[in-house]
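[1] pasting a predicted model and its sequence here:
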Amino acid sequence: MPTDDPFEDPFDDADQAEIDLRPDDPAEGLRPDPPRVGGLSEQDADPDLKRQFWTLVLLFNVALFAASLGLMLVGFEGRWRVGGALFAVGVVAFARGWFRYRSVRED
């Protein structure tokens, strides 16, 4: 029965009936529950290990920045001396970080 409300959706009941006819999700309940880790805090990690981790993060960030900036300076502007030096710094920082990572991993 039509009403005088101009904002009423005439298809509202039909849309709800269509939603009710949709089948349930067959994959519901088939996936495993995600693992839960409880009781961990920042104080659980060894302070020496945290220092080594952040040192390696900084070293690899410097390596990535210097190597990429050096290559861009050489490639886009032809600045071989500055770009080559930055690229060399990046390669040395990456090599130092890699060897340091391997030594920390062995410990």
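    Sure, I can see it. Numbering: from 1, shown residues only.
[2] the host helix or strand of residue 57 packs against which elements?
    Applying DSSP states H and E as the criterion places residue 57 in helix 47-72. In this structure, helix 47-72 packs against helix 80-106, with contacts taken as 3 or more CB pairs under 8 Å, 6 or more residues apart in numbering; DSSP states H and E. Yep, even glycine has a C-beta here, placed from its N, CA and C like the rest.
[3] buried ones in the helix it packs on?
    83, 86, 87, 89, 90, 93, 94, 97 (16 or more other CB atoms under 10 Å).
[4] what's next to stretch 47-54, contact-wise?
    Identification of contacts with stretch 47-54 by CB atoms under 8 Å, 6 or more residues apart in numbering yields 100, 104.
[5] now find how far off-centre that stretch is within its chain.
    21 Å (CA atoms, centre = their mean, to the nearest Å).
[6] that stretch - what's its average pLDDT?
    Averaged over stretch 47-54, pLDDT sits at 90.
[7] end to end, how far does stretch 69-80 reach?
    The first residue of stretch 69-80 is 12 Å away from its last residue (CA to CA, to the nearest Å).
[8] mind listing residues that contact that stretch?
    By CB under 8 Å, 6+ apart, stretch 69-80 touches 82, 83, 84, 85, 86, 87, 88, 89, 90.
[9] pLDDT and distance to residue 43 added to those residues, as a markdown table?
    Converted to a markdown table, those look like this (pLDDT from 0 to 100; distance: CB to CB, whole Å):
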| residue | pLDDT | distance to residue 43 |
| --- | --- | --- |
| 82 | 95 | 44 |
| 83 | 96 | 44 |
| 84 | 96 | 45 |
| 85 | 96 | 42 |
| 86 | 96 | 39 |
| 87 | 97 | 40 |
| 88 | 97 | 40 |
| 89 | 97 | 36 |
| 90 | 97 | 35 |
